[in-house]
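**Student:** Show me how the following folds:
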Amino acid sequence: MVTFYKRLPRFEYRRPRTLKEVLSLLSKKGAKGVKVFAGGTDLLPKLKSREVKASEILVDLKGIPNLDYIQYNAKNGLRIGPLTTLNAIETSSVIRDKFSLLAQAAHSMASPQVRNRGTIAGNICNAVPSADSAPALLTLGAKLKLVSLKGERTVSIEDFFSGPNETVLSPREILREIRIPPLLAESRGVYLKLSPRRAMDLAIVGVAVLVVSQDGICKDIRVALGAVAPTPLRVKKAENILRGQRFSDALIEKVAEVASEEARPIDDHRASAEYRREMVVVLVKRAIKEAIARS
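**Tutor:** As a prediction, this is how the structure comes out:
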């Protein structure tokens, strides 16, 4: 059997050396004329399959120096540059030590080859409901620095996603930095992903849980879901059931059930909505118990 691969559509390729060049180009052409990318691991296959229409100009950010950083201090927390790869997130000693939930999420994504090229900023900006980094960043309270020629603004990750494959980024903005505040020393996080294969597959359900416990009491809890709604989401009604309470199997069961009720899954070729709801219950319970066990 002969397999035919589509060629990339025609476009102009640019690899600027400064952020100002990129922003100037976006200011002149807008989103319809310019498509900015970092790793390209999602964009290029979609261009080949014609899932997305090619812009007049594709702008590769990889040529801009000093945007692939991971910086941490106890006062300000974690700062991640837009060209930081998923592999760098997964293997960073400071992220593994201070924000292990994010390292777990990065490890669950794609293959080593893709993680070496793909970026966490690109994963967020694609705004796919099943993006693995999004639930982790939601529980970590991440904020995003967005910049344009007119200036900069900071947006909470909770307000960033506006729909499937849609964000609040304006046509003339790019994501400049991801910021995560410092966590309490008692914080423990877990990311669990259900997918048909152990690697190289999208999440059917993704669950991130961050727990702060002391003497068997839940001081704080954050639970976020992926692939079960138009956008990744925090399930705050579920969180409120356990916050301030003593951990028990009955309460954890209730949290998981309410989390499932807050989800808004769909039927598609990978799973039914009913199955996704059931798996939210299973994974939320499992993630909370794993987080408690690490305390």
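
**Student:** what number of residues lie near residue 114?
**Tutor:** Neighbourhood size, residue 114 [other C-beta atoms under 10 Å]: 17. From N, CA and C alone the C-beta is placed, and that goes for glycine too.

**Student:** no wait, residue 72
**Tutor:** When neighbours are defined as other C-beta under 10 Å, residue 72 has 18 of them.

**Student:** Check residue 11 and give its pLDDT.
**Tutor:** Listed pLDDT for residue 11 reads 88.

**Student:** and it, how far is that from residue 55?
**Tutor:** 6 Å (C-beta to C-beta, to the nearest Å).

**Student:** higher neighbour count, the two?
**Tutor:** residue 55 (20 against 13).

**Student:** Wait, the more buried one touches residue 9, no?
**Tutor:** No: Residue 55 is beyond contact range of residue 9, at 9.8 Å (criterion: C-beta atoms under 8 Å).

**Student:** and the helix or strand where residue 162 lies, which strands flank it?
**Tutor:** Per DSSP states H and E, residue 162 falls inside strand 161-163. Strand 161-163 has its sheet partners listed here by DSSP bridges as strand 166-167 (antiparallel).

**Student:** what's next to the strand it pairs with, contact-wise?
**Tutor:** The contact list for strand 166-167 (C-beta atoms under 8 Å, 6 or more residues apart in numbering) reads 124-125, 127, 160-161.

**Student:** okay if I get those as a markdown table plus neighbour count?
**Tutor:** Formatted as a markdown table, those follow (neighbours: other C-beta atoms under 10 Å):
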| residue | neighbour count |
| --- | --- |
| 124 | 24 |
| 125 | 22 |
| 127 | 21 |
| 160 | 23 |
| 161 | 23 |
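
**Student:** Mind telling me the two of these farthest from one another?
**Tutor:** The most widely separated members of the contacts of strand 166-167 are 125 and 161, with 10.1 Å between them, by C-beta to C-beta.

**Student:** how about the helices of the stretch 1-150 of the chain, start to end?
**Tutor:** 19-33, 43-49, 86-91, 93-98, 100-107, 112-117, 120-126, 133-139 (DSSP state H, counting those that start in this stretch).

**Student:** most packed of those?
**Tutor:** Stretch with highest mean neighbour count among the helices of the stretch 1-150 of the chain: helix 133-139 (a mean of 29; mean count of other C-beta atoms under 10 Å).

**Student:** pLDDT below threshold where in the stretch 101-250 of the chain?
**Tutor:** Along the stretch 101-250 of the chain, the parts satisfying pLDDT under 70 run over 198-200.

**Student:** Which stretches in it count as strands?
**Tutor:** 143-148, 151-156, 161-163, 166-167, 174-180, 187-194, 205-214, 217-226, 233-234 (DSSP state E, counting those that start in this stretch).
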